[in-house]
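Peer 1: Fold the following for me, if possible:
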Amino acid sequence: MPRISGPVSSGGSPAESDTWKELLRGLVRLELKRGCQDDAAVGGFARLALATVEGSCTRAQRVAEHGVSNELRSLLVDYQFLPKRERADRCSALLALLDSSTPSTAGSPLQGSAPAMCATPSPKPVFDSMNALLEVLEEPVSTLWGVGPRVQEVMGKLGVASIADLLQHAPKGYLDLRYPTELSRESLGQMVLIKARLQSVTEIRRKVLLVKATARDPGGRVLHLVWFNNRFVRSRLQAGHDYDFYGRLENSFEGAQLMQPAFEESGTPAAQLHMNRIVPLYHLTSGVTQKGLRSHMWRAAGRIPSVAAEYLPRDVASRFQLPDLAWSYRSLHFPTDEYEAEKARGRFAFDSLFLFELRVLMRRHVEQDVLGTPFDLPAGTVERYVRILPFVPTASQTAAMRDIEGDVRRPRQMHRLLHGDVGSGKTAVAGYAAYAAKVAGYQSAVLSPTEILAEQTGRVLEELLAPVGVRVATLTGGMTKSQRRGILSAVATGEVDCLVGTHAILEEGVAFERLGLSVVDEQHRFGVAQRVALGTKGKQPHSLVMSATPIPRTLALTIYGDLDISELLEKPPGRFPIQTHLLTATKRDSAYAMVRKEIAQGRQAFVVVPAIDPASDEGEGTASVEETMKELTEGSLKGLRIASLHGRMKSSEKEATMDAFRLGSLDALIATTVVEVGVDVPNASVMVIEDAERFGLATLHQLRGRVGRGSSVSHCMLIQGNVTPDGTERLQVLVNSDDGFQIAEEDLKLRGPGDILGTVQHGYDVPLFGSTALLSYRDLSTLPEIRKAASELLEHDPALGTPEHMDLARMLSLRYPASKPGMEDN
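Peer 2: This is a model prediction of the structure:
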């Protein structure tokens, strides 16, 4: 189906004064015909329609059509953020408005003094390099030679649908193969590139296929080459020809040898691409090789215009001293030296952050204008709630409650993030929000990522809110049909004030009588579509999202820039700090001696392992639930009451196990990271984490937060299976600090932003920052300045609808489309 590929404009005589409206009608009808995907035009239907309304018109013309253009703009400005059903309604409203608007007449006071409604923009140069580049980037990856249906499907696993996606898949590193190495003792044990002439090649068929060859380098030295089980090698090698070999140089009984080397015939295009240069290396997925992906990158880079191309406003590019975009694409993937590679990486790191900031600020601008239902709350609502709490809330908790109260009283929809460290008391604050909804005559819904967390949150909220008459129910996928029917009926009739649940809440059969508040716990674990679906259960309900993911505060302000933020800075009083110990595998016995000691004193323990069974993808030798269960019940913890918990268990089994552990019927629980979030057992005072180096610091900090919730000193034992200096330094961060934000900052310095941003990005329609491989710790220091530049730009052009920002708008749509194959919501 065709798409419109250029700005819609008209100009000339007064007789053509409404041509722009006819063109806009056609654009709207095409958008409806295409299913309201925001793709009736290259760069997005809404952006091109906005540009048609205001971007190509003179100030005088906008005055003449002030009412119509303002109404049209209000229907278009947030179009890209809407679900399809609402988009269809908007399109119908656009057509109705266009049909009802009165054409300009000959008697218009502007006739003769101004051109028709939309004047043709100033002509661009004969060759518009940025437009040419954007057209290349917008093409599907299937237009590249060699990308058929099978390769396209594999590319989808990498999140690649367009050429832009492909070129945005940044190298994870490079090999410097510019200079060949001579055969020498000094090179033994190193990865080397050796040029040599093949002397002989032999294929030996035994239990395994063996290919052996000999070659001589330019100095006449003999090189032996060996390949196992590679039936294609023999056909690619021919005696007397020169080859480039790359591999680890070893000393065998025959002499210098390369085992399983990569190779290309010298002087061929393949040798120039895969050898003899700075060679890019990429993250892969099943079904694609480095050579295959590199070849596709080469073809994609070959389509980029050879002249400078730029979509950024000139002042922004100059202010941050950025190289142009076309050069940067070529140099990121195929640099001539290290300086070029770093310069290009820095350019795309800037692009990732700048485009993200634009998106966040535009969304915030839209959401600030969304009407909500004001809660009529009597004075002292916070104080009444605080009085019924079984503890004294922290200053941060009280401040967060007042933030929420201020938001829900206003006739604007609340969009607030409650961000706090593990154990900082987010559930109690969410309880206040549910209480406020009840007082105002509305229901609330709390969406939890797991059934274990939903059950626990429901139980905690029920205990907190029962004294003030808030009726809480929990809905999960593991319920019987009769249980489910009873809860759904009570929710629909208003008998339930607060419904807690998992994805089951989002199903069509769940109807609220009067939903006024939605709460999403651990929001990064949900997709955009799921969060939007919860919001559609009521009439523009207020929205509160909660996260315990430790992110440095300055970074959180950027990532969640479209939300108002309340931070919980302290932990509830009366909790002892958790004592964290780092042990090698040889000290495991002392860890389990601590477990036996704590259990003997009437307390309980967690043992966390990376895998469920030995056949998992975690790698050979990784601790698993099955093996650890057998080992501990027959050894260190023999005679104790132990059970296992993992994600493959049925909901009823998980619930029964957790109930038994919570009630004290079990001494220890051997689990995977299914216990990472929200599990609250105050009597648990010790945790052992096997193969701790296999977990990220954020996950380890979350896991550690499962203990230390009672009135006794708690311990976390980190057992490092594979000891390396880097791994030890990283785990030592946890030993030295129990502040999640400080831990996140240190992790950021040690490993860069990739892991932290990767965690946050999970659950978004597309990656927030593109490839996190592009970002370094020092890039994040420029975030405040980048945010300022984005804000200044949007002050003058909030919708990016003016002609000078058309390329920027198209690039933003490329990075953040409405949907993208291979990157579906999780």
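Peer 1: only C-alpha atoms for contact and neighbour calcs from this point on.
Peer 2: Noted.
Peer 1: Contacts made by the top strand by length along the chain with the rest, please.
Peer 2: The residue-count maximum for a strand in the chain (DSSP state E) belongs to strand 191-205. The contact list for strand 191-205, computed with C-alpha atoms under 8 Å, 6 or more residues apart in numbering, reads 177, 179-183, 209-218, 223, 234, 237-249, 266.
Peer 1: Let me know the next secondary structure element after that strand.
Peer 2: Following the chain from strand 191-205 toward its C-terminal end, the next helix or strand by DSSP states H and E is strand 209-216.
Peer 1: Now do the buried residues in that next one.
Peer 2: Buried residues in strand 209-216, counted by 16 or more other C-alpha atoms under 10 Å: 210, 211, 212, 213, 214, 215, 216.
Peer 1: Return the closest of these with respect to residue 491.
Peer 2: residue 210 (69.4 Å; C-alpha to C-alpha).
Peer 1: What's opposite the closest one in the beta bridge?
Peer 2: Under DSSP bridges, the beta-bridge partners of residue 210 are residue 204, residue 228.
Peer 1: That one touches residue 229, doesn't it?
Peer 2: Yes - at 6.3 Å, residue 210 counts as touching residue 229 under the criterion of C-alpha atoms under 8 Å.
Peer 1: ok so, going back, pull the longest strand of the chain out as PDB, backbone CA atoms only.
Peer 2: In PDB, the C-alpha atoms belonging to strand 191-205 read as follows (Å, rounded to 0.1, in the frame of the first residue of the first chain):
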ATOM      1  CA  MET A 191      45.900 -13.800  18.100                       C
ATOM      2  CA  VAL A 192      47.600 -12.900  14.800                       C
ATOM      3  CA  LEU A 193      47.000 -12.200  11.200                       C
ATOM      4  CA  ILE A 194      49.500 -14.000   9.000                       C
ATOM      5  CA  LYS A 195      49.800 -13.800   5.200                       C
ATOM      6  CA  ALA A 196      51.100 -17.100   3.600                       C
ATOM      7  CA  ARG A 197      51.100 -19.100   0.400                       C
ATOM      8  CA  LEU A 198      49.300 -22.500   0.700                       C
ATOM      9  CA  GLN A 199      51.700 -25.400   0.000                       C
ATOM     10  CA  SER A 200      49.400 -28.400   0.500                       C
ATOM     11  CA  VAL A 201      46.000 -29.300   1.900                       C
ATOM     12  CA  THR A 202      44.800 -32.700   3.000                       C
ATOM     13  CA  GLU A 203      41.400 -34.000   4.200                       C
ATOM     14  CA  ILE A 204      41.500 -36.900   6.700                       C
ATOM     15  CA  ARG A 205      38.200 -38.700   7.500                       C
END
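Peer 1: Just the buried positions in the helix or strand containing residue 778, please.
Peer 2: Using DSSP H and E, residue 778 sits in helix 777-780. Under the neighbour-count criterion of 16+ other C-alpha under 10 Å, helix 777-780 has 777, 780 buried.
Peer 1: chain center to that helix: distance?
Peer 2: Distance of helix 777-780 from its chain centroid, counting by C-alpha atoms, centre = their mean, to the nearest Å, is 18 Å.
Peer 1: Check which helices and strands that helix is in contact with.
Peer 2: Contacts defined by 3 or more C-alpha pairs under 8 Å, 6 or more residues apart in numbering; DSSP states H and E place helix 777-780 against helix 338-368.
Peer 1: what about stretch 321-338, start to end distance?
Peer 2: End-to-end span of stretch 321-338 (C-alpha to C-alpha, to the nearest Å): 18 Å.
Peer 1: Residues in contact with that stretch: which ones?
Peer 2: 133, 167, 170-171, 277-280, 297, 301, 304-311, 317, 340-345, 347-348.
Peer 1: average model confidence for it?
Peer 2: Averaging pLDDT along stretch 321-338 gives 95.
Peer 1: Ok, stretch 170-182 next?
Peer 2: The model assigns stretch 170-182 a mean pLDDT of 93.
Peer 1: Could you check that stretch and say which residues are buried?
Peer 2: Applying 16+ other C-alpha under 10 Å to stretch 170-182 flags 170, 171, 174, 176, 177, 180, 182 as buried.
Peer 1: Unless I misread the structure, the second one falls within a helix.
Peer 2: No - the assignment for residue 171 is coil, going by DSSP: H, G, I helix; E, B strand; the rest coil, so no helix is present there.
Peer 1: List the contacts of residue 628.
Peer 2: Contacts of residue 628 by C-alpha under 8 Å, 6+ apart are residue 670.
Peer 1: Point out where the stretch 651-800 of the chain drops to low pLDDT.
Peer 2: 676-678, 751-773 (pLDDT under 70).
Peer 1: any idea of the mean pLDDT in stretch 549-563?
Peer 2: The predicted model assigns stretch 549-563 a mean pLDDT of 73.
Peer 1: Of all the residues in that stretch, which ones are buried?
Peer 2: Within stretch 549-563, the residues scored as buried using 16+ other C-alpha under 10 Å are 549, 550, 551, 552, 555, 556, 558, 559, 560, 561, 562, 563.
Peer 1: now the strands: where do they sit in the stretch 201-350 of the chain?
Peer 2: Taking DSSP state E, counting those that start in this stretch as the criterion, the stretch 201-350 of the chain carries its strands at 209-216, 222-228, 242-252, 255-259, 262-265, 278-281.
Peer 1: and of the ones you listed, who's closest to residue 458?
Peer 2: In terms of C-alpha to C-alpha, the element of the strands of the stretch 201-350 of the chain nearest to residue 458 is strand 278-281, at 47.7 Å.
Peer 1: and the closest one, what does it pack onto?
Peer 2: Checking 3+ C-alpha pairs under 8 Å, 6+ apart, strand 278-281 ends up next to strand 173-176, helix 290-302.
Peer 1: Of all the strands of the stretch 201-350 of the chain, which one comes closest to residue 726?
Peer 2: Residue 726 lies closest, by C-alpha to C-alpha, to one member of these: strand 278-281, at 22.3 Å.
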